[in-house]
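Asker: next input, structure requested:
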Amino acid sequence: MFLQYLTGVNRLHKYQSYKTSDRFFGLRGSVFPYIVHNVGIQGETVGDHAPVGEFEQLVLLAVLQIGDSAYGVPIRNEIEHRTGRTVSRGAVYTTLDRLEAKGLLGSQLGDPTPERSGKAKRYYRVESSGIEALKESQKALRSMWTGLEAVLGEL
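Answerer: Take a look at the predicted model:
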């Protein structure tokens, strides 16, 4: 199957019914990224969830830094302030959605505000599985850094 070849896996989970004759772009453009993202490298997971990437870690850490008032704009500002990077709103909201889908973040709608024309803000909180994922990521990074002091200088 074409998608199996592209993803390098032998199974497609719920998309197994697609055949080679299906047109790739006829899959509405969202199936392939979904499969690649959720299968990951060789389909491996860490603990009960897929490992978190660098930007996902930054978003989780920003939510923890901000606390109860964490929503999109302050999360973006926190990342930009602490890292010196320019971060797009779209990248933040896409990552928030992905982390919530993974069960690492939870969210709730706040009260509508006049400043936002009556629209409510979505506030985020890190779930216990998100904290566990951060701890696993930190442990993996520390392990990778170990022994490199001579090459990289004192850390």
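Asker: isn't Y123 right up against A70?
Answerer: Yes: applying C-beta atoms under 8 Å, one finds Y123 in contact with A70, separated by 6.2 Å. Every C-beta, even on glycine, is put in place using the N, C-alpha and C of the backbone.
Asker: more neighbours, the two?
Answerer: In terms of neighbours (other C-beta atoms under 10 Å), A70 is the more surrounded of Y123 and A70; the figures are 24 against 19.
Asker: average model confidence for stretch 86-100?
Answerer: Regarding stretch 86-100, the rounded mean pLDDT is 97.
Asker: now do the buried residues in that stretch.
Answerer: Residues of stretch 86-100 classed as buried by neighbour count (16 or more other C-beta atoms under 10 Å): V87, V92, T95, L96, R98, L99, E100.
Asker: would you quantify the distance from the third one to Q108?
Answerer: When distances are taken as C-beta to C-beta, to the nearest Å, T95 and Q108 turn out to be 18 Å apart.
Asker: for Y124, grab phi and psi.
Answerer: Backbone torsions of Y124, given as degrees, to the nearest 10, read phi -110, psi 150.
Asker: what's opposite it in the beta bridge?
Answerer: Residues in a beta bridge with Y124, per DSSP bridges, are S107.
Asker: hang on, isn't it packed against L105?
Answerer: Yes: counting by C-beta under 8 Å, Y124 does reach L105; the two are 5.3 Å apart.
Asker: what count of nearby residues applies to A62?
Answerer: Using other C-beta under 10 Å, the number of residues around A62 comes to 24.
Asker: against which helices or strands is the stretch of helix or strand it belongs to packed?
Answerer: Assigned by DSSP states H and E, A62 falls within helix 54-66. Where contact means 3 or more C-beta pairs under 8 Å, 6 or more residues apart in numbering; DSSP states H and E, helix 54-66 is packed against helix 72-83, helix 89-101, strand 120-126, helix 128-145.
Asker: so V59 touches Y93, yeah?
Answerer: No: using C-beta under 8 Å as the test, V59 is too far from Y93 to be in contact (10.0 Å).
Asker: quick one: contacts for the residue lying closest to D68 once chain neighbours are set aside?
Answerer: Spatial nearest neighbour of D68, chain neighbours left out: Y123 (7.1 Å); criterion: C-beta to C-beta, 6 or more residues apart in numbering. Y123 makes contacts with D68, S69, A70, Y71, S107, Q108, L109, G110, as judged by C-beta atoms under 8 Å, 6 or more residues apart in numbering.
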